[in-house]
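> Return a 3D structure for these sequence lines:
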Amino acid sequence: MNYKKLLNYQERRNRAVDSFSSIQTELVLRKMDIRCIMNQYLSLCDEIRDLERQQKKLKDSGITVSLLAPWIQKKKMDLQNFHKCLVGCGELVVIALDIWQNCGATLKDLCNLCNRRDYEAVQQMIAKYSESKFSSIMFIHTLDYPVSDKCEWIDDRVDAPFTHAVKAFMLDQMIHTQEGQKASDEALKAIFPDIWENALIQRVDKNGAEYFTDWEGNRIDSESRTRLS
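Model (predicted):
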């Protein structure tokens, strides 16, 4: 799947159709696509895990299978491609959600799309925060993640297509774009101000070299970092 072409096509399509029902249909179709991608992604994860387990057993027994390592590497490349598709679908969902909201979709409509029947509880939960865009609400509150399955982490095996795709896209933005890094830094400052004052942030310069900064963005050299630790 060429997710870049998919993204360009879907963004043009989202801009072309401006009716409430058309965007809602697109979101339902994206949910089906993401569910399919997640199933294949998880299946590949299981396959790679089994292959690596077999490889270790053979190595411990003094047996080397020359074709096994390249095969595992190929499977990992396939896994990366599926993750790229997931990131691309997450971007499509983010775009479509906000266009749908501009077309008149309400929070109750969003709850219905995510199979949430506790509208009042969702309304109270969101009222505690300042975000109002559907894409932000989906990312922060994982609306389609079943309440019965919620715990301290997001389980990729739980059926929550929008949550998984939007999470993948947002994390990709945080890691690979300056805008995303800045947004994630601001969010951490707001949520954990005491921890943030003493935090060191790992960054990568344009040459690919890793370095650290303090919470104000000042670069920390290795000697200073040693004294701090």
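> from here on, contacts and neighbour counts on C-alpha atoms
Will do.
> Please enumerate the helices of the chain.
Taking DSSP state H, the helices of the chain run over residues 3-16, 20-60, 68-102, 107-113, 119-127, 134-141, 161-176, 178-191, 193-197, 222-228.
> so what's the nearest residue in space to residue 146 that is not next to it in sequence up against?
Sequence neighbours aside, residue 160 is the residue nearest to residue 146 in space, at 7.3 Å (criterion: C-alpha to C-alpha, 6 or more residues apart in numbering). Under the criterion of C-alpha atoms under 8 Å, 6 or more residues apart in numbering, the contact list for residue 160 reads 144, 145, 146.
> Between the residues you listed, which sits nearest residue 74?
The shortest approach to residue 74 among these belongs to residue 145, at 31.5 Å (C-alpha to C-alpha).
> From residue 121, how far out is the residue nearest to that closest one when sequence neighbours are not counted?
In space, and not counting its chain neighbours, residue 145 is closest to residue 160: 4.9 Å by C-alpha to C-alpha, 6+ apart. Plainly put, residue 160 is 19 Å away from residue 121 if you go by C-alpha to C-alpha, to the nearest Å.
> I'd like to check which residues are in contact with residue 169.
86, 87, 88, 89, 90, 91.
> okay, now the last one: neighbour count?
Applying the criterion other C-alpha atoms under 10 Å, we find 23 residues in the vicinity of residue 91.
> what does residue 151 give?
Neighbours of residue 151 under the rule other C-alpha under 10 Å: 8.
> can you list the weak-confidence ranges in this protein?
1-18, 152, 180-211, 214-217, 221-229 (pLDDT under 70).
> Can you give me the domain boundaries for it?
3-176, 191-229 (automatic domain parsing).
> With the flanking residues excluded, which residue is spatially nearest to the residue sitting nearest the centre point of the chain?
Residue closest to the average C-alpha location in the chain (C-alpha atoms, centre = their mean): residue 168, at 1.7 Å. Spatial nearest neighbour of residue 168, excluding adjacent residues (C-alpha to C-alpha, 6+ apart): residue 87 at 5.2 Å.
> Distance of the residue of the chain positioned farthest from its centre relative to residue 56?
Going by C-alpha atoms, centre = their mean, the residue of the chain most distant from its centre is residue 62, 40.3 Å out. From residue 62 across to residue 56, the span is 10 Å (C-alpha to C-alpha).
> Kindly report the same for residue 123.
For residue 123 relative to residue 56 (C-alpha to C-alpha), the value is 50 Å.
> Kindly report the same for residue 159.
Separation of residue 159 from residue 56 (C-alpha to C-alpha): 32 Å.
> cool, residue 94 as well?
Taken as C-alpha to C-alpha, the span from residue 94 to residue 56 is 41 Å.
> between those two, which one's more packed in?
Ranked by neighbour count (other C-alpha under 10 Å), residue 94 and residue 56 place residue 94 first, with 22 against 14.
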